[in-house]
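Visitor: Below: sequence and its predicted model.
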Amino acid sequence: MKEIKIYNTLVMNVYTDNGDEYQLSPMDYADEIAEKVKAYDDGDLAEYADSYHGSTYYTKLQKITLGTEIFNGCLYGLATCTVSDDWNDSDTAQLKEYLTGQYADGWGEGFEQREIHEFSETETCEEYDEENDEYYESDYEVRHSVYCSFWQDHGYRIMTETELKA
């Protein structure tokens, strides 16, 4: 048996209770993401692998452990995979397809619905009082909910350790 690592890009989406959306760097919440991935144990993803994404990889795949890892100041999703000694490049390509599917619709869909962090900020708005013909300011709290996605429509990359370090 041997171990291979497959990395993928992450995105942090923030949603506010007043309808705004924006993104943050995953590094801003690296520790929280690592804890949430570890806590969101949906079982070993290797047990769900089948011939849908290729004819050989799933027979050589023993275990997949999900986590995160920092490389060159960026946080990546990480699938640490235990595979048989006869693993080859074709198997790796099939595994990447399988993991992409899990991140988009399976494991990742459930994970990205779990809040990583929340915070509130006070915002000020200026309003006009017609009766008194004056402007005044009022403060209100806006709640921000932070979520992490292992898959994205744009900019998604999934790569081996060699590809990441190239």
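Guide: Nice, I can see it. Numbering: from 1, shown residues only.

Visitor: quick one: low-confidence ranges for this protein?
Guide: For the chain, the stretches flagged by pLDDT under 70 are 42.

Visitor: Which residue ranges of it form strands?
Guide: With DSSP state E as the definition, the chain shows strands at residue ranges 2-8, 11-16, 21-24, 61-71, 74-83, 117-129, 134-149, 158-160.

Visitor: Of those, flag the one that's most buried.
Guide: strand 74-83 (a mean of 21; mean count of other Cβ atoms under 10 Å). Where you see a C-beta, it was placed from the backbone N, CA and C, and this is true even at glycine.

Visitor: Any chance you could list what contacts that one?
Guide: 1-10, 25-27, 30, 33, 37, 45-46, 60-70, 91, 95, 99, 103, 150, 164 (Cβ atoms under 8 Å, 6 or more residues apart in numbering).

Visitor: Can you give the distance of that strand from its chain's centre?
Guide: For strand 74-83, the distance from its own C-alpha centre to the chain's C-alpha centre is 12 Å (Cα atoms, centre = their mean, to the nearest Å).

Visitor: That one pairs with which strands?
Guide: Note on strand 74-83: by DSSP bridges, its sheet partners are strand 2-8 (antiparallel), strand 61-71 (antiparallel).

Visitor: Switch the ones you listed over to a markdown table, and while doing so, append distance to residue 146 to every line.
Guide: Below are the strands paired with strand 74-83 laid out as a markdown table (distance: least, Cβ to Cβ, whole Å):
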| stretch | distance to residue 146 |
| --- | --- |
| strand 2-8 | 19 |
| strand 61-71 | 15 |
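
Visitor: Residue 14: which of those strands is closest?
Guide: Residue 14 lies closest to strand 61-71 among the strands paired with strand 74-83, at 18.4 Å (Cβ to Cβ).
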